[in-house]
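Peer 1: Fold the following, please.
(2 chains)
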Amino acid sequence: MLAKVMSFALNGLAGYPVLVEVDVYKGLPSYETVGLPDTAVKESKERVRSAIHNSGFEYPAKRITVNLAPADLRKEGPIYDLPIAVGLLCASGQADKDYLKKLLMFGELSLDGNVRPVSGVLPMVIGAFEKGFRYVVLPAENAKEASCVAGMKVIPVKNLSEIAAILNKKITPEVYENMDAGASTKAPEYEVDFSDIRGQSHAKRAVEISAAGGHNVLLIGSPGTGKSMLARAIPGILPEMTFAEALEVTKIHSVAGEMKNSKDGILRNRPFRSPHHSSTTVAMMGGGTHILPGEVSLAHNGVLFLDELPEFSRDTREALRQPMEDGAVSISRANAKVTYPSNFMLVASMNPCPCGYFGSPDRKCKCSPTQISNYINKISGPFLDRIDLNVEMGNIQYDEMTSKKQAENSSDIKKRVDHARKIQLERYAGLPIHCNAQLNATMLKKYIHPGKEAQDFIKDIFSKLKLSPRSYVRILMVSRTIADLAGSRDILLAHIAEAVQYRTLDRKYWGAHYD
Amino acid sequence: MIELSAEEKYWVWLSSIDGVFPKWFYSLQSVYMDPKSVYENADEILNDLPHFPPQTAESIKKGRNTFYWDGLFENIEKRGLSVTTAISSDYPYTLESLSDPPPVLYYRGILPQVWERSVSIVGTRTPTRNGTKFLRSIAAEISAQGILVVSGMARGIDTAAHMGAIDAGGKTVAVLGCSAETIYPKENREVYEQIIENGAVISEFRPGTPPVAENFPRRNRIIAALSDALIVSEGGMKSGARITADIALSLGKNVFAIPGDPSLEVSALPISLLKSGAILLSECADLMEEMNWTHRREKNFRKNKNIFGLDFFQEQIYNSLLKGDLTAEQLVDMLNAPICSVNSALTIMELSGAVNRLPGNLYCIG
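Peer 2: Next up is the predicted model:
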């Protein structure tokens, strides 16, 4: 007898339905899986046999053929355990086939018949919904994640017996529908608040500006100045994610298998990713045999924090340029090409010099000017061109640490950032961009035009402070954001003057990018 | 470039040969009277001078061809160098006090004709910030008195000495440990250009000589001999500044030392010099009095804050910085002002020259 069960396969964030056909017929007992299965799919044979047996059903001692259609595309992972087992039960007459046509199902089985959570649930459910499916059977642990897709009826199952009982109409299934939509008003919580960080008003201001304009920022400071802590606080001042943004983020994390053990259905917090500097280019960009999203995509709509930037391999740093520019990363392999979104705010940190104490008031730097400029020059010019603000962070003094003076908290800063973002959205209405950092050369001419006085002032700055020419555009863009934060329509002299302070690497004493 | 006489050209030729150090140059001269006869009698050198290094004699012999000769002078011209020899009229006569004065000096810029009222300044390459600041201001005061400032254009104190003289619009001379057209350290390109405009960069090393360690002690003897007095700022006990001080003492020059915090390593040399009788230098007048130099003109180098056109808030910042260097954060706390206005005021003040930005986001009075 033949049974057909619908399931799904992912390619990047999109996917296609997979028809699982199970045929049980007379012959010597055997089991064959066809339709380009990978090892995990082939191994499902053993899990399915034990699960059926241990759930109190009979494993048919017949010739069994499992086909996964379309047969020319690779099928990966253990998600077909459940559809294969259900197909076997139906084909051997132990379960009813009536409902099968309407249902789409996936899930991993354990040997005792329990259904285990799988990764990539949200993009699969969204994909299935777009293809016209309205009912989905999936592991109970994944139900929350799937239920935020409006209009999809989610049937969570705990074990094989449960789905068999549902199919045999012995129990009515519990249907989850759109349960997370109500929870979307819940405000996200972040681990570090700006009021937790003592002192550092200069760096905090720079970070506020970057958040307001979507600029990338480089924090330069000796060890222990609180670079990572400041970076961790940044997601808390970024505007809240819209539902669409949150869904996109959840999809990526789901594909990467990070949603399996999540208590929340949908990610509300802006992601904060802090890959170690030993991370490979593949780990950063995405890839591997299953082409999983890398750190740049996991940081989508959030913050990618690169601690100790010069320690990252040159290849990794240079590879970052394309996703920073395009907001998406394309990974091509012999058998597939996948594009993941990667619209992140880059926050990088580094020491000022190899010993870490250049410019420190309390400790003497042991490095020669050549060593310092070599260290700074490890970061290539084109890469630095994509970082609009670079600031030095000083050491925190003891009295600052113990000071009772209350620092501003994240929600107050967030209000200003939200306001500045609103102004930018209005200004760029109808354009494919939404913040100042995304302006390209032609847009820059149209939207940023400092007055005569301000222009003369910039000229003066360049000749007197000997800034490098490549910082000109950066200073303009950052001044625009400062003006937006101040609610000013025009870029004033004071805004430009402030912007210059966040370009420390252009200063001659770093010796960078000159000769 | 002043046209060299035929005899001067022989001097340049002989001194440019590998291995002909001043010592050998003068022993050759004592036998053959002048470099021209060395050229003519090169085959006899080993017979006439039994201790002469055979390799060098060989080099001299090989150097007697038109290719070497023309190449040498083309090279000098191509690199924009001028040359003076110990027999030239513009040769710094103060060097004659040395037992081995450089036979030939290459230079760029304008060589001073008068070497009286001059002072050499030496010190460490890794000075403290205060030490650098003080030295630069005192060099400016000294230079404003019309005194020539001689130093070595190395990092740290040397650079500060030249910059001080340039600040005051005075004359300054740099003696290099590499050839005169080589800019070392390379971040001093601008300083180098300014020294050429305000004086000269000189070197005894032939064109194309890289800055190698063994050249520097030789350079130091020139620094010590060129001027009437030597000022030692910060330096360790094993520094090049110490070598220079020892040579200056043996030449009978006055040695001045600027004391520093005794707990710092860089104060070791000036303090030990002071203990053994060097003259303490804490202001320009110390030098002028000791050397019996007349004060030419009074010029106040402490800038008046009104000239910067500061507004009320900027003046508050200026007044806070008068008490010591501060970071932008500290200014925010002291003045209770938002960081955005502090930062924007600081840029404007930096433009007008009222303040300077230092590494570590630190500000000081300009």
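Peer 1: ranges for the strands of the stretch 51-200 of chain B?
Peer 2: With DSSP state E, counting those that start in this stretch, the ranges of strands along the stretch 51-200 of chain B come out as B:82-85, B:104-109, B:118-122, B:148-151, B:172-175, B:199-203.
Peer 1: Check the average confidence over the first one, would you?
Peer 2: Right, the one you point to is strand B:82-85. Averaged over strand B:82-85, pLDDT sits at 93.
Peer 1: helices or strands up against that strand?
Peer 2: Contact here means 3 or more C-beta pairs under 8 Å, 6 or more residues apart in numbering or on different chains; DSSP states H and E; on that basis strand B:82-85 packs against helix B:6-16, strand B:104-109. In short, each C-beta sits where N, CA and C put it, glycine included.
Peer 1: A:Lys62: which of these is closest?
Peer 2: strand B:104-109 (98.2 Å; C-beta to C-beta).
Peer 1: Spell out which parts of chain B neighbour chain A.
Peer 2: B:155, B:185-187, B:325, B:327-329, B:332-333, B:339-341, B:343-348, B:350-351, B:357-362 (C-beta under 8 Å from any C-beta of the partner chain).
Peer 1: Any of those buried? List them.
Peer 2: Among the residues of chain B next to chain A, the ones that count as buried by 16 or more other C-beta atoms under 10 Å in any protein chain shown are B:155, B:185, B:187, B:325, B:327-329, B:332-333, B:339-341, B:343-348, B:350-351, B:357-362.
Peer 1: before we move on, which element is A:Asp460 in?
Peer 2: Assessed by DSSP states H and E, A:Asp460 sits inside helix A:452-465.
Peer 1: For that helix, buried residues please.
Peer 2: In terms of neighbour count (16+ other C-beta under 10 Å), helix A:452-465 has its buried residues at A:Ala454, A:Phe457, A:Ile458, A:Ile461, A:Phe462, A:Leu465.
Peer 1: For that helix, which helices and strands make contact with it?
Peer 2: On a contact count with 3+ C-beta pairs under 8 Å, 6+ apart, helix A:452-465 meets helix A:471-485, helix A:493-500, helix B:339-352.
Peer 1: one more time with 6 Å, if that's ok
Peer 2: Judged by 3 or more C-beta pairs under 6 Å, 6 or more residues apart in numbering or on different chains; DSSP states H and E, helix A:452-465 is in contact with helix A:493-500.
Peer 1: So which other helices or strands are in contact with the helix it packs on?
Peer 2: Short answer (3+ C-beta pairs under 6 Å, 6+ apart): helix A:493-500 packs on helix A:452-465, helix A:471-485, helix B:339-352.
Peer 1: Mind naming the longest helix for chain B?
Peer 2: Ranked by residue count and defined by DSSP state H, the top helix of chain B is helix B:129-144.
Peer 1: What lies in contact with that helix?
Peer 2: With contacts defined as C-beta atoms under 6 Å, 6 or more residues apart in numbering or on different chains, helix B:129-144 is touched by B:149, B:157, B:160-161, B:163-165, B:167-168, B:170, B:233-234, B:284, B:299, B:301.
Peer 1: same deal with stretch B:20-29?
Peer 2: B:Leu14, B:Ser15, B:Val38, B:Asp100, B:Pro103.
Peer 1: where's the fourth one relative to chain A, distance?
Peer 2: According to C-beta to the nearest C-beta, to the nearest Å, B:Asp100 and chain A sit 31 Å apart.
Peer 1: What of the third one?
Peer 2: Using C-beta to the nearest C-beta, one obtains 41 Å as the distance from B:Val38 to chain A.
Peer 1: and what of the second one?
Peer 2: Shown here: B:Ser15 relative to chain A, a distance of 31 Å by C-beta to the nearest C-beta.
Peer 1: residue contacts, residue 249?
Peer 2: Assuming you mean chain A. A:Leu267, A:His300, A:Asn301.
Peer 1: The intended chain is chain B.
Peer 2: B:Val255.
Peer 1: So which bits of the stretch 251-400 of chain A are right by chain B?
Peer 2: A:Phe358, A:Gly359, A:Ser360, A:Pro369, A:Glu392, A:Gly394 (C-beta under 6 Å from any C-beta of the partner chain).
Peer 1: ok, these vs A:Met1, which is closest?
Peer 2: A:Glu392 (73.9 Å).
Peer 1: and the closest one, that one's in a helix?
Peer 2: No: counting by DSSP: H, G, I helix; E, B strand; the rest coil, one finds A:Glu392 to be strand, located in no helix.
Peer 1: Near A:Ala165, how many other residues are there?
Peer 2: Neighbourhood size, A:Ala165 [other C-beta atoms under 10 Å in any protein chain shown]: 16.
Peer 1: tell me the phi and psi of it?
Peer 2: phi -60, psi -40 (degrees, to the nearest 10).
Peer 1: With B:Pro210 instead?
Peer 2: The phi and psi values for B:Pro210, taken as degrees, to the nearest 10, are phi -80, psi 160.
Peer 1: quick one: contacts for it?
Peer 2: Per C-beta under 6 Å, 6+ apart, neighbours of B:Pro210: B:Cys178.
Peer 1: could you measure it against chain A, distance?
Peer 2: As judged by C-beta to the nearest C-beta, B:Pro210 and chain A stand 15 Å apart.
Peer 1: Contacts only, for the closest residue to chain B within the stretch 301-450 of chain A.
Peer 2: Residue of the stretch 301-450 of chain A nearest chain B, by C-beta to the nearest C-beta: A:Gly359 (2.8 Å). Residues in contact with A:Gly359, defined by C-beta under 6 Å, 6+ apart, are A:Pro352, B:Pro359, B:Gly360.
Peer 1: Not counting sequence-adjacent ones, nearest residue to the last one?
Peer 2: Same thing as B:Gly360. Leaving aside its sequence neighbours, B:Gly360 sits nearest to A:Gly359 (C-beta to C-beta, 6 or more residues apart in numbering or on different chains; 2.8 Å).
Peer 1: residue ranges with poor pLDDT in the stretch 1-150 of chain A?
Peer 2: Applying pLDDT under 70 to the stretch 1-150 of chain A picks out no residues at all.
Peer 1: Just the helices from it, written as ranges.
Peer 2: With DSSP state H, counting those that start in this stretch as the criterion, the stretch 1-150 of chain A has helices at A:39-54, A:81-91, A:121-130, A:143-146.
Peer 1: quick one: low-confidence ranges for chain A?
Peer 2: In chain A (pLDDT under 70), the answer is A:179-187, A:262-263, A:397-404, A:508-515.
Peer 1: can you list the domains in it?
Peer 2: Following automatic domain parsing, chain A resolves into domains at A:2-179, A:194-510.
Peer 1: Can you tell me how far A:Val118 is from A:Glu145?
Peer 2: Distance, A:Val118 to A:Glu145, by C-beta to C-beta, to the nearest Å: 10 Å.
Peer 1: ok, which stretches of the stretch 251-366 of chain B are helices?
Peer 2: Remark: helices assigned in the stretch 251-366 of chain B by DSSP H, counting those that start in this stretch are B:268-275, B:284-291, B:312-322, B:328-335, B:339-352.
Peer 1: give me the residue from chain B nearest chain A.
Peer 2: Here the residue of chain B nearest chain A is B:Gly360; by C-beta to the nearest C-beta that distance is 2.8 Å.
Peer 1: How about the contacts made by that residue?
Peer 2: Applying C-beta under 6 Å, 6+ apart to B:Gly360 gives the contacts A:Gly359, A:Ser360, A:Gly394.
Peer 1: same check, this time on A:Asn390
Peer 2: Here A:Asn390 is in contact with A:Leu218, A:Thr504, A:Leu505 (C-beta under 6 Å, 6+ apart).
Peer 1: so where does the first one fall, helix or strand?
Peer 2: Following DSSP H and E, the helix or strand that holds A:Leu218 is strand A:217-221.
Peer 1: Output that strand as CSV - backbone C-alpha positions only.
Peer 2: Output of strand A:217-221 as CSV, limited to C-alpha atoms (Å, rounded to 0.1, in the frame of the first residue of the first chain):
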residue,chain,number,x,y,z
VAL,A,217,31.8,52.6,15.1
LEU,A,218,35.3,51.6,16.2
LEU,A,219,36.2,51.9,19.9
ILE,A,220,39.9,52.3,20.7
GLY,A,221,41.0,51.9,24.2
